[in-house]
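> any chance you can model this:
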Amino acid sequence: MLTPDKQWKTRERVNWNRVNPMRNLPPPAWLRTFEAAARLGGFTAAADELGLTPAAVSQQVRALEARLGYPLFRRLPRGVELTELGQSYLPAVRRAFDELASATAGLFGVTGGRPLVVRAPPSFMALCLAPLVASFRAAHPGIPVRLCSATWAETAPEGGIDVDIRYGDGRWPVEEARRLSAPGSVLVCPPGTEFGADALAAIAPLLPRAIHIIGCESFWDGFAEAHGIDPAKVGRGVSTDSSLAALEMVAAGLGTALISPDLTAPFAASGRVTVAPGLTLEHAQAHYVLLPAQVGPRPEALLFRDWLVGAFAA
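As a prediction, the model looks like this:
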């Protein structure tokens, strides 16, 4: 028969198990091994990244499966693939490690001193990203940041990139792409343009001087179709691969352009251009922030990604 003191200790142990779910979690090392094997598509690749042997990776995964009571991988002649339960479990495990890494970098800084390399299109870099970096540096002075611009996503600086910002539809071969800006384009006109009650009639004199963005040439065709404009009335004289250059040309009175609203905002706010009311083009293109898929992201990259998404949401 238990003494009153032992009865109290037994009740306390049971209650602690109920209120402390961490006691029922698998060891973090097993979860990290599972995440690496799932991300890299095999036990050998995970072993190389984690500094283990393939046998050790296999052993940890089997131990995790035994602990959970369900298989997470199907063993194939070449490699492995996630089961349905493994696919469902992976996002939660990855999110937990990402949040822990981000919190650690945010609170305790970064070791090694290697700059966080952020790549973005030149126009986005100049108009959206550069003005925001001061607030990130103020919040995280221990994380050096290197900004590099690239017109095409295929180019990369030596040593690779940690955070990639791209313009597109979000369908890239990465684990996750988070949208920063609203999709679509607005019609940007020279400062002082008067639209009156009929905005379409007001822009008619500007259409022969339409400015085209290389890579988005179909936008003007879509705009003409959406607003019942004869495509032949849209000029083809000037094109550029930079939205910033297009905005500067519109500000100088050269013509009109279809520009992403996040890039247009600084020019419109300062009165350098005028946005035509109601004359927009709906499409799926927008700015997205991505992290490299081939290796686990650096904690600083996760921190910067989450900060940037929050800054745009605000």
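
> touching the longest strand anywhere in the chain from outside, list them.
Counting residues, the longest strand in the chain under DSSP state E turns out to be strand 274-281. The contact list for strand 274-281 (CB atoms under 8 Å, 6 or more residues apart in numbering) reads 184-193, 195, 199-200, 202-203, 219, 222-223, 226-227, 256, 258, 264, 268. Quick note: C-beta positions are derived from backbone N, CA and C, even for glycine.

> mind redoing it with 10 Å?
With contact meaning CB atoms under 10 Å, 6 or more residues apart in numbering, strand 274-281 is reached by 183-195, 199-200, 202-203, 206, 216, 218-227, 229, 250-251, 256, 258-259, 261, 264-265, 267-268.

> restricted to helices, list those residues.
Per DSSP state H, helices hold the following members of the contacts of strand 274-281: 199-200, 202-203, 218-226, 250-251, 261, 264-265, 267-268.

> now a PyMOL select for only the buried ones of the residues you listed.
To isolate the buried subset of the ones in helices among the contacts of strand 274-281 in PyMOL, counting by 16 or more other CB atoms under 10 Å, use the following:
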select buried, resi 199+202+203+219+220+223+224+250+251+261+264+265+267+268
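
> nearest residue to residue 133 other than its sequence neighbours?
Setting aside the residues directly before and after it, residue 133 is nearest to residue 145 in space (CB to CB, 6 or more residues apart in numbering), at 6.3 Å.

> repeat for residue 246
residue 257 (4.4 Å).

> for the one you found, list each beta-bridge partner.
For residue 257, the beta-bridge partners under DSSP bridges are residue 188, residue 211.

> where in the stretch 1-150 of the chain is pLDDT low?
Applying pLDDT under 70 to the stretch 1-150 of the chain picks out residues 1-23, 101-113.

> which outside residues touch stretch 38-48?
32-37, 49-50, 52-61, 72-73, 75-76, 78-82, 86-87, 89-90, 93-94, 175, 293-296.

> hang on, residue 123 in a strand?
No: counting by DSSP: H, G, I helix; E, B strand; the rest coil, one finds residue 123 to be helix, located in no strand.

> what sits against the residue nearest to residue 246?
By CB under 10 Å, 6+ apart, the contact set of residue 257 is 185-189, 206, 209-213, 216, 219-220, 238, 240, 243, 245-247, 249-250, 264, 273.

> now residue 287
Residue 287 touches 120-121, 123-124, 128-129, 165-168, 170, 179-183, 260, 262-263, 312, counting by CB under 10 Å, 6+ apart.

> mind checking which of these are buried?
In the contacts of residue 287, the ones that pass as buried (16+ other CB under 10 Å) are 120-121, 123-124, 128-129, 165-167, 170, 180-181, 183, 260, 262-263, 312.

> in PyMOL, select just the buried ones from the contacts of stretch 38-48.
This is the PyMOL syntax for the buried subset of these, where burial follows 16+ other CB under 10 Å:
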select buried, resi 32+33+34+35+36+37+49+50+52+57+58+60+61+72+73+80+82+86+89+90+93+94+296
